[in-house]
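Chemist: Turn this into a model:
(one chain, ligands or ions: 1)
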Amino acid sequence: MTFKLPILPFSTDALEPFMNQQTVEIHHGKHHAGYTTKLNKQIESEGLGELDLETDVFPKTDIFPKGIIINGGQYWNHSFFWDSIAPAGQAPSEKVMTAINDSFGGFDAFKEAFTKEASSVFGSGWTWLCQKKDGSLTLVNTLNHENPLMDSVDSDDVTPLLVIDVWEHAYYLKYQNRRPEFIAAFMEIINWEKVEERMA
Ligand code: MN3
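Modeler: Numbering: from 1, shown residues only. I've put the predicted structure just below:
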């Protein structure tokens, strides 16, 4: 089987000015495409058959070659990331807002907590808004290629709802080293409809 680079759910200039066209084009067309190609090559060279990343690979990272874990993680994380954003103008639904209020004590408090977590990832990684088994929401940081579905990440069986990529390639062309400005911009282009869809 072959993994395919997902088609973006928006045009490459649709997130301007928060995420500029060149960043989207290179991030999707070069970085994500590169991980996709490497994942497929790795699967082929290992002679592996049909693989489901979520159910086969991420819960058992020890038994797969590192190249599958790294490129599989990056492939999946980026697919999840593109679905986490949308042209500006969406607001959380009442259901999502209630969960945010219950878990963080208000929308501003959520934004503050999310910004703090995403700012604190040292080097390359990701900040995930997740739902716990009890329905409450929590934030999980992962490094490099990792995500909360991986058994190597201590995240208590959560369901990811939303992710920000804080690798420098996600923002450097527009924001250079100013990650906090990128995080603030990301807040304007969250796909809240998708967050709700991902909630239990
Ligand atoms: Mn990236």
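Chemist: contacts, neighbours, all on C-alpha from now
Modeler: Will do.
Chemist: The longest helix that the chain contains: what's the following helix or strand?
Modeler: Secondary structure of the chain per DSSP state H: the longest helix is helix 66-84. On the C-terminal side of helix 66-84, the nearest following helix or strand under DSSP states H and E is helix 94-104.
Chemist: What lies in contact with that following helix?
Modeler: 106-107, 110, 113, 135-138, 192, 195-196 (CA atoms under 8 Å, 6 or more residues apart in numbering).
Chemist: try 6 Å
Modeler: Residues outside helix 94-104 that contact it (CA atoms under 6 Å, 6 or more residues apart in numbering) are 110, 136-137.
Chemist: Most neighbours of all these, which one?
Modeler: Most neighbours among the contacts of helix 94-104, by other CA atoms under 10 Å: L137, with 23 neighbours.
Chemist: for G49, helix, strand, or coil?
Modeler: coil (DSSP: H, G, I helix; E, B strand; the rest coil).
Chemist: On the three-state scheme, I164 is what?
Modeler: Following three-state DSSP, I164 is assigned to strand.
Chemist: Now stretch 113-123: buried residues?
Modeler: 114-115, 117-119, 121 (16 or more other CA atoms under 10 Å).
Chemist: quick one: which of the residues you listed is nearest D156?
Modeler: E117 (17.6 Å; CA to CA).
Chemist: Quick check: which element contains that closest one?
Modeler: Assigned by DSSP H and E, E117 belongs to helix 107-120.
Chemist: send the alpha carbons of that helix over as CSV?
Modeler: Provided in CSV are the C-alpha atoms of helix 107-120 (Å, rounded to 0.1, in the frame of the first residue of the first chain):
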residue,chain,number,x,y,z
PHE,A,107,-11.5,31.0,26.4
ASP,A,108,-8.9,33.5,27.3
ALA,A,109,-7.4,31.1,29.8
PHE,A,110,-7.4,28.4,27.2
LYS,A,111,-5.5,30.7,24.7
GLU,A,112,-3.0,31.6,27.4
ALA,A,113,-2.4,28.0,28.4
PHE,A,114,-2.1,26.9,24.7
THR,A,115,0.3,29.7,24.0
LYS,A,116,2.4,28.9,27.0
GLU,A,117,2.6,25.2,26.1
ALA,A,118,3.4,25.9,22.4
SER,A,119,6.0,28.4,23.4
SER,A,120,7.7,26.0,25.8
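Chemist: Also compute the angle for the following helix or strand past it relative to helix 94-104, please.
Modeler: With elements assigned by DSSP H and E, the helix or strand that comes after helix 107-120 is strand 125-131. Orientation note: strand 125-131 sits at an angle of 110 degrees relative to helix 94-104 (axes from the mean of the first three to the mean of the last three CA atoms, to 10 degrees).
Chemist: what angle do strand 125-131 and helix 107-120 make?
Modeler: With the same axes, to 10 degrees as the basis, strand 125-131 and helix 107-120 are set at 150 degrees to each other.
Chemist: who does strand 125-131 pair up with?
Modeler: Taking DSSP bridges as the criterion, strand 125-131 forms sheet pairs with strand 137-143 (antiparallel), strand 159-165 (antiparallel).
Chemist: Do me a favour and average the pLDDT over the helix holding E117.
Modeler: Average pLDDT, helix 107-120: 98.
Chemist: With that, I have no additional questions.
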